[in-house]
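Novice: Okay, sequence plus prediction incoming.
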Amino acid sequence: MNIRIPRRTSHAGKSREGRSTSLASLPCLIALALALPAAHAATMSTGEDGRRIYTAEHFERFAPRNAFDMLSQLPGFVIREQAQTRGLGQATGNVLLNGQRISGKDNEILVELRRIAAENVLRIELVDGATLDIPGLSGPVANVVTVSTGRTGQYTWSPEFRARNTDPRLSNFAVSVSGRNGRLEHTLGLDNASNHSGADGPTVIRDRDGALIEERHEAWTSEYNQPRISARFALRPEVPSGVATEGEADNGESEPIANLNLSYRRIDEDFREDGLRTGPGRVDRERDVRSIAKGYGHEVGGDYAFALGGGQMKLIGLSKGRTIDRVATAITRFADGSPDAGDRFDRDSVEDERIARGEYRWSRGVGDWQVSGEAAFNSLDNVARLFVMGADGELQPVPLPGSSARVEEDRYELMGSYGRPIGSDWTVNLSAGAEHSRLEQVGEGGQARTFLRPKGLLTAAWRASPDTDVSFKLERRVGQLNFFDFLATVNLTDELENAGNPDLRPSQIWDLQSEVTRRMGDWGSTSLRGYVVRVDDQVDVVPIGDTGESPGNIGTGSMWGVEWKGTLNLGGLGWEGGRIDTRVIHQRSRVNDPLTGERRPMSNSLEDFAQVTLRHDPPGSNWGWGGGMSYEYRSRSYRLTEQGRMWEGPVWANVYLEHKDVMGLTVRGTLNNLLGGTSMWDRTVHEGRRTDPVAFHEQRDRLIGPIFTLSIRGEF
């Protein structure tokens, strides 16, 4: 029965110098956290197998509306969604629902949790993923155990208002209804993941000697709406417990379990950028850019688990597709009456993914075995056209080789897994197998290739003490390809072009990491994770022909980093209801530049991230308030003709005020971007390749302005 927990005993600014130095205090903060005394909170208990069980009472002071609200308040826990990896494969997230991961990609686990009323959550169990019989999990994993008590409804409306360039966003909402009829649970949802954004400000372009070439004042706005209707049906035991008995696990007589996920969404995106360009000896001109995309996406996914031959068979299927028609235009108008100049790039794309997967697991003695097989079929049909405006003002088609083709990949995977406790404090899981794939581009310059890639995963969990857990993971996996990288594309907004590359191949990744989690009872929790990653066939921009460039494989890359997460409850310091959450990441990466051969960071890779949030829920009050700050710094992006860094912020700050019972509703007002974060681009372009002299430097600084969001949540 697969809802069980198994019975085991075990930006930055415009220059580098402007970066934050707060990371220097990281060792001191970790030492302080680990030194705090441990005392078990009354609303949290620890099971014999090391599970930390949080009951509903633990979350009462936050007045949660749904399961997501509760999960967000787990001390020291950062939600990690299921990664969009190749096929379904092994689990990659850290959240389970009744011991299962959702067999889908579009109907995300976090969306589902927002549809589960808080009154239907029995408990949340925090357990090391290596102790579960779900291959791929490692480190802290949250299992949300629920029971349906009747029909419930949830709704949220989150209008947003920005001071500059942007119309009010009034269409961000979600509404859902859940219920149960015998063994059948159902959830119906309607939501719209909309967003409005914009910025305006100057751009200055200077030559290599600092002389002014051009000044620009530009403003952009972006609006997208993705209304979606979705449904989830689950066939579960009549009286779910969330933890199966040994009989359910071993006697093969447990009831079948089934899940069906359905979703359909519309896609509507609209981007506009208007600008005035002036400069010494240049004709003043206006440039207007617009990109419109319309389409739809769908997904049908499900699984069926049943007893078979002393074990359990689980069959999983998924069909997913997306169709988008995109039209981008850029028109320049000259003040002296010269003929307009312009371009248009059209792209019609159809993406399709179909997956069939089977998993058979059984237990022998203290060990758990699993054999899985998966077949996945992905394809992209793309038709693209480029037009250039002639002297008569009409847009005429021009050749764009390699822009229209079909890319498809057939993949077959076979994996075997074995896990068992070792002594009373260790649990080990080992998975090994291989993937065979056939990758083909049908069309101009197309070719077919086959690959055989070994894959595997070793995880271990160690209960070092009743309040300290240590996890280890060593993984060999195959990276996901972006099929659009195979084809020629044009970015009219930034005047960039990719030539397309039919020789792309999937990267292979070695990932080694370890995490230490320390529970501090009423004080909170803290964890420290370290990781080292090696990437073979790293994807970056490579030369194509004499003058072209496109994403391609550049050899071996490496990355290492540390991540610290912590929750500090302030009640022990006399501030009841106060809490501080922190997260810090320090990361470095290296590749050999395909043009110069020099060592440099991976393009646009995260280097530093820091976040701290404060929340206060005064005891006995329906009011709550808080705020936070975050900082992010990434490496430069490298193309063959230029390099630069595009970012927003780099520091974001917000405050909020919340009332948990306004005529039965939870109402929160949040004011964001208090420190004036901006949209920036620091770019250096060369006369030819980056080995040639610099042609110009471009510096952009666009004001975003303050952002106010109102959140209204209720039940029916």
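Specialist: Structure's in. What do you need?

Novice: could you pull out the helices for the stretch 201-350 of the chain?
Specialist: For the stretch 201-350 of the chain, the helices defined by DSSP state H, counting those that start in this stretch cover 246-250.

Novice: all strands for it, in order.
Specialist: Along the stretch 201-350 of the chain, counting by DSSP state E, counting those that start in this stretch, strands occupy 212-225, 227-235, 257-278, 285-308, 311-334, 341-364.

Novice: Also the stretch 401-550 of the chain?
Specialist: With DSSP E, counting those that start in this stretch as the criterion, the stretch 401-550 of the chain has strands spanning 405-422, 426-443, 448-465, 468-478, 489-491, 496-498, 508-519, 524-536, 539-544, 548-553.

Novice: Just want the angle from the first one to strand 468-478.
Specialist: Spelled out, it's strand 405-422. Counting by axes from the mean of the first three to the mean of the last three C-alpha atoms, to 10 degrees, strand 405-422 points 150 degrees away from the direction of strand 468-478.

Novice: returning to what we had before: out of the strands of the stretch 201-350 of the chain, flag the one nearest residue 87.
Specialist: Closest to residue 87 of the strands of the stretch 201-350 of the chain, according to C-beta to C-beta: strand 341-364, at 5.2 Å. Bear in mind the C-beta positions are built from the backbone N, C-alpha and C, glycine included.

Novice: partner strands of that closest one, parallel or antiparallel?
Specialist: Here strand 341-364 has these sheet partners by DSSP bridges: strand 311-334 (antiparallel), strand 367-389 (antiparallel).

Novice: for the record, mean pLDDT for the shortest one?
Specialist: What it means is strand 367-389. Mean per-residue pLDDT for strand 367-389: 95.

Novice: In it, which residues are buried?
Specialist: Neighbour counts using 16 or more other C-beta atoms under 10 Å place 368-372, 374, 376-382, 384-387, 389 of strand 367-389 among the buried residues.

Novice: Please apply the same query to stretch 466-486.
Specialist: 467, 469-479, 481, 483-486.

Novice: quick one: that stretch to chain centroid distance?
Specialist: Centroid separation for stretch 466-486 versus its chain: 13 Å, with C-alpha atoms, centre = their mean, to the nearest Å.

Novice: for residue 567, what are its contacts?
Specialist: The contact partners of residue 567, taken as C-beta atoms under 8 Å, 6 or more residues apart in numbering, are 75, 76, 524, 525, 526, 579, 580, 581, 582.

Novice: Between the residues you listed, which sits nearest residue 665?
Specialist: residue 579 (23.3 Å).

Novice: May I have the beta-bridge partners of that closest one?
Specialist: Taking DSSP bridges as the rule, residue 579 bridges to residue 569, residue 615.

Novice: Count the residues that sit near it.
Specialist: By the measure other C-beta atoms under 10 Å, the count of residues near residue 579 is 21.

Novice: so it touches residue 568, yeah?
Specialist: Yes: assessed by C-beta atoms under 8 Å, residue 579 is found in contact with residue 568 at 7.0 Å.

Novice: Redo the strands of the stretch 401-550 of the chain as CSV? Include distance to residue 174.
Specialist: Shown next, in CSV, are these (distance: least, C-beta to C-beta, whole Å):
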stretch, distance to residue 174
strand 405-422, 34
strand 426-443, 36
strand 448-465, 35
strand 468-478, 33
strand 489-491, 33
strand 496-498, 36
strand 508-519, 32
strand 524-536, 30
strand 539-544, 35
strand 548-553, 35
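
Novice: Reformat those strands as CSV; add mean pLDDT and distance to residue 674.
Specialist: Formatted as CSV, the strands of the stretch 401-550 of the chain follow (pLDDT from 0 to 100; distance: least, C-beta to C-beta, whole Å):
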stretch, mean pLDDT, distance to residue 674
strand 405-422, 94, 45
strand 426-443, 93, 45
strand 448-465, 93, 41
strand 468-478, 94, 37
strand 489-491, 93, 32
strand 496-498, 91, 34
strand 508-519, 94, 32
strand 524-536, 95, 26
strand 539-544, 92, 36
strand 548-553, 92, 37
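
Novice: out of those, which comes closest to residue 177?
Specialist: Nearest to residue 177 among the strands of the stretch 401-550 of the chain is strand 524-536 (34.8 Å), distances taken as C-beta to C-beta.

Novice: which residues touch the closest one?
Specialist: With C-beta under 8 Å, 6+ apart as the criterion, strand 524-536 contacts 30, 33-34, 75-77, 139-140, 479, 507-520, 555-569, 579.

Novice: tell me which residues of it are tucked away?
Specialist: Buried residues in strand 524-536, counted by 16+ other C-beta under 10 Å: 524, 525, 526, 527, 528, 529, 531, 533, 534, 535.

Novice: Kindly report the same for stretch 328-342.
Specialist: The neighbour-count check on stretch 328-342 (16+ other C-beta under 10 Å) flags 328, 329, 330, 331, 332, 341, 342 as buried.

Novice: Give me the below-cutoff pLDDT ranges for the stretch 101-250 of the chain.
Specialist: Applying pLDDT under 70 to the stretch 101-250 of the chain flags the ranges 103-107, 238-250.

Novice: Tell me the confidence at residue 555?
Specialist: Per the predicted model, pLDDT is 90 at residue 555.

Novice: count of residues packed around residue 139?
Specialist: Residues near residue 139, counting by other C-beta under 10 Å, number 23.

Novice: what does residue 563 give?
Specialist: Residue 563 has 18 neighbours, counted by other C-beta under 10 Å.

Novice: for residue 288, same thing?
Specialist: Residue 288 is flanked by 14 other residues according to other C-beta under 10 Å.

Novice: where's the closest residue to residue 683 other than its chain neighbours, which helix or strand?
Specialist: Using C-beta to C-beta, 6 or more residues apart in numbering and skipping residues adjacent in sequence, the residue nearest residue 683 is residue 644, 3.4 Å away. Assigned by DSSP states H and E, residue 644 belongs to strand 642-649.

Novice: so what secondary structure elements neighbour that strand?
Specialist: strand 623-634, strand 637-638, strand 678-686 (3 or more C-beta pairs under 8 Å, 6 or more residues apart in numbering; DSSP states H and E).
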